[in-house]
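Trainee: what follows is a predicted structure for the sequence shown.
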Amino acid sequence: MSEPLTILGTGMAGLGLARQLRARDPERAITLITADSGDDYSKPLLSTGFAKGLPPERLAQRSALEVADQLEAVVRTHTRVTAIDVEANTLWLDREALPYGELVIATGAVPQPPMAIAESVSGRVFTINDLDDYRVFHHALSRLGRPGRVAIVGAGLVGCEFANDLADGGHRVCLIAPETTPLARLLPEPLGKALGDAMRDSGIELRMGRTLATLEEGGANVSMTLSDGDTLEADLVLVATGLKPRIQLAAEAGLEVSDAGIHTDRYLRTSAPGVHALGDVACVDGINAMYVQPLQACAKALAATLSGTPTRVSYGPWPVLVKTPVCPVVSLPPRQAPARWHIEGESPDLTALAEDEDGRLIGFALTGACVRRKVELARAAPALLV
Ligand code: FAD
C-alpha cells in the first residue's frame with residue numbers, strides 16, 4: 001500500500017497533481033493543505049474577469065468541499081503551514097504537528113511590491129495573485145459605485161493583462177513602469193511599442209520610463225509621486241511588480257533553494273528524501289517557467305512517478321499567450337541573449353525572430369495578426385526542457 005500523500009498548496013499545481021494522481025490510484029490517501037479558500041479556479045482567468053463583468057463567485061469552478069468530495073481527499077482550507085521538519089516527516093501548523101508519508105510542495109509564488117505600503121493606504125493598494133485577492137480588489141472597485149481610476153504599477157504580463165481587462169471593463173487605467181515599453185521581458189522594443197500604442201489608442205494612459213517614488217493618502221485618493229517628480233492620483237492602485245517563488249518554508253527546512261525556487265531534478269525530487277515540488281515554487285533542472293503548461297507537464301509526470309512509474313518531465317517549445325485583446329501577444333523568450341532579433345511586418349502586426357550566432361531560431365515574439373504564426377514557429381523553436 002502506498003504512503004499517504006500530503007500536498008501543500010491547492011493552486012493549479014497542487015490540485016492538478018491531486019487530479020492526475022487520483023485518476024491513477026483510487027486508493028491512496030491524499031491530504032491537501034492551503035492557506036487560502038481552497039476554491040478550484042483557473043488563475044489565468046483572474047485577469048479577464050472585469051471585461052466580462054464576472055463577480056468572484058463566477059470564477060470559482062468548485063468549492064473546496066466539492067474538490068474534497070470529487071477527489072476523495074481531505075482538504076484543509078485557511079490553514080497555514082508554518083514549518084516543515086523533513087527529519088521527522090512532520091508539518092507544523094503553528095502548534096499542531098501533522099505527520100506526512102510523502103510530501104509535495106506547491107506553494108506558488110508571492111508578489112513583490114517595490115516598497116513597503118503604509119497602513120494609511122493599505123485598503124486601497126492591492127496585489128492580485130489568487131482568487132481571494134481578486135475578491136478583495138473586486139469589492140473595493142464595486143464599492144466606488146462608478147468606474148474607478150486605477151493606477152497599475154508594473155507592465156509585465158500581469159500588469160498589462162489587468163490594464164487591458166480593467167479598461168475594457170470601463171475603468172480609467174494608468175500603467176506605470178520603469179521600462180520604456182510594456183512587456184519588456186517578453187517583447188523586443190518594436191513589438192512592445194506596438195502593444196503600448198494599441199493600449200494608448202484604447203484609452204489606457206502609459207507612464208513608462210518611471211518608477212514609483214512615493215505612495216500616500218490624499219483624501220479619498222491615493223497620491224503618487226513618480227521618479228521624475230510627476231504626480232498622479234487614483235482611487236485604487238494595483239501593484240504588479242513581479243512574483244518570487246515562495247521558498248521560505250523549504251529554505252528553513254534546509255532544502256536546496258535559490259531565488260529561482262526549490263531545486264528539483266527532472267523527477268521533481270527536492271534535496272530531501274520523500275519531498276517533491278512543482279508549480280511556481282519549483283526550479284526544475286534549472287528552469288522555473290511560472291506558466292501553466294510546464295506545471296501541467298510536471299503534475300502529469302509526478303503523478304506517474306508517485307504511483308510507481310518513475311517519469312522524467314520534459315517541456316516543449318511552449319510560447320506564452322498574453323491576454324491583451326487590444327493587441328494580442330505571443331512570446332517564446334530565448335533562454336540566452338540572441339545574437340540578433342530579426343523583425344518583420346508593420347505595426348501592430350509584427351514578427352520578431354531571435355537567432356543565435358549560426359542563424360538558428362532560439363525564440364520568437366508575435367503581435368497583432370501575426371500571433372497566428374505561433375504554431376508554425378513553435379515547431380521550429382527549441383524545447384524548453386528536452
Ligand atoms: P498558486 O496558484 O500560487 O498556489 C499556491 C498555493 O499554495 C495556494 O493554495 C496557497 O494558499 C498555498 N500556500 C502557500 N503557502 C502556504 C503555506 N505556508 N501553508 C499552506 N498553504 C500555502 N500562466 C499561463 O500559462 N497563462 C496565462 O494566461 C496566465 N495568466 C496569469 C494571470 C495572472 C493574473 C496571474 C497572477 C498568473 C497567470 N499565469 C498564467 C501564471 C499561472 O497562473 C501560474 O503559473 C499558476 O497558476 C501557478 O500555480 P501554483 O499552483 O504553482 O501556485
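Mentor: That came through, no problem. Numbering: from 1, shown residues only.

Trainee: SS state for the nearest residue to Leu186 once chain neighbours are set aside?
Mentor: Among residues not flanking Leu186 along the chain, Ser331 sits closest, at 3.9 Å (C-beta to C-beta, 6 or more residues apart in numbering). Where you see a C-beta, it was placed from the backbone N, CA and C, and this is true even at glycine. Using DSSP: H, G, I helix; E, B strand; the rest coil, the structure places Ser331 in strand.

Trainee: what's around Ser331, how many residues?
Mentor: With neighbours defined by other C-beta atoms under 10 Å, the count for Ser331 comes to 24.

Trainee: what sits against the closest residue in space to Leu226 that isn't next to it in sequence?
Mentor: Leaving aside its sequence neighbours, Leu226 sits nearest to Arg210 (C-beta to C-beta, 6+ apart; 4.2 Å). By C-beta atoms under 8 Å, 6 or more residues apart in numbering, the contact list for Arg210 reads Ile176, Ala177, Pro178, Leu226, Ser227, Asp228, Asp230.

Trainee: quick check: Gly229 vs Arg210, distance?
Mentor: Going from Gly229 to Arg210 by C-beta to C-beta, to the nearest Å gives 9 Å.

Trainee: which single residue of the stretch 51-200 of the chain ends up nearest the ligand?
Mentor: Here the stretch 51-200 of the chain gets closest to the ligand at one residue, Gly108, 2.3 Å apart by C-beta to the nearest ligand atom.

Trainee: with adjacent residues omitted, what lies nearest to that residue?
Mentor: What sits nearest to Gly108 in space, not counting adjacent residues and going by C-beta to C-beta, 6+ apart, is Asp280, at 4.6 Å.

Trainee: my guess is the one you found contacts Lys244, does it?
Mentor: No: if you go by C-beta atoms under 8 Å, Asp280 and Lys244 don't touch, sitting 9.3 Å apart.

Trainee: for these two, indicate the residue with more neighbours.
Mentor: The neighbour comparison of Asp280 against Lys244 (other C-beta under 10 Å) goes to Asp280, with 26 against 14.

Trainee: in its sheet, what does the helix or strand where Glu216 lies sit against?
Mentor: According to DSSP states H and E, Glu216 maps onto strand 212-218. Paired with strand 212-218 in the same sheet, following DSSP bridges, are strand 221-226 (antiparallel).

Trainee: for Ala198, list the residues it contacts.
Mentor: Here Ala198 is in contact with Thr324, Val326, Cys327, Pro348, Gly368 (C-beta under 8 Å, 6+ apart).

Trainee: nearest to the ligand, of these?
Mentor: Distances from the ligand to the contacts of Ala198, taken by C-beta to the nearest ligand atom, are shortest for Thr324, at 10.4 Å.

Trainee: the residue in the stretch 201-350 of the chain that the ligand sits nearest to: how many residues sit nearby?
Mentor: With C-beta to the nearest ligand atom, the shortest gap between the stretch 201-350 of the chain and the ligand falls at Gly279, namely 2.4 Å. Per other C-beta under 10 Å, the neighbour tally for Gly279 reads 33.

Trainee: quick revisit: report the buried members of the contacts of Ala198.
Mentor: In the contacts of Ala198, burial by neighbour count holds for Thr324, Val326, Cys327, Pro348, Gly368, counting by 16 or more other C-beta atoms under 10 Å.
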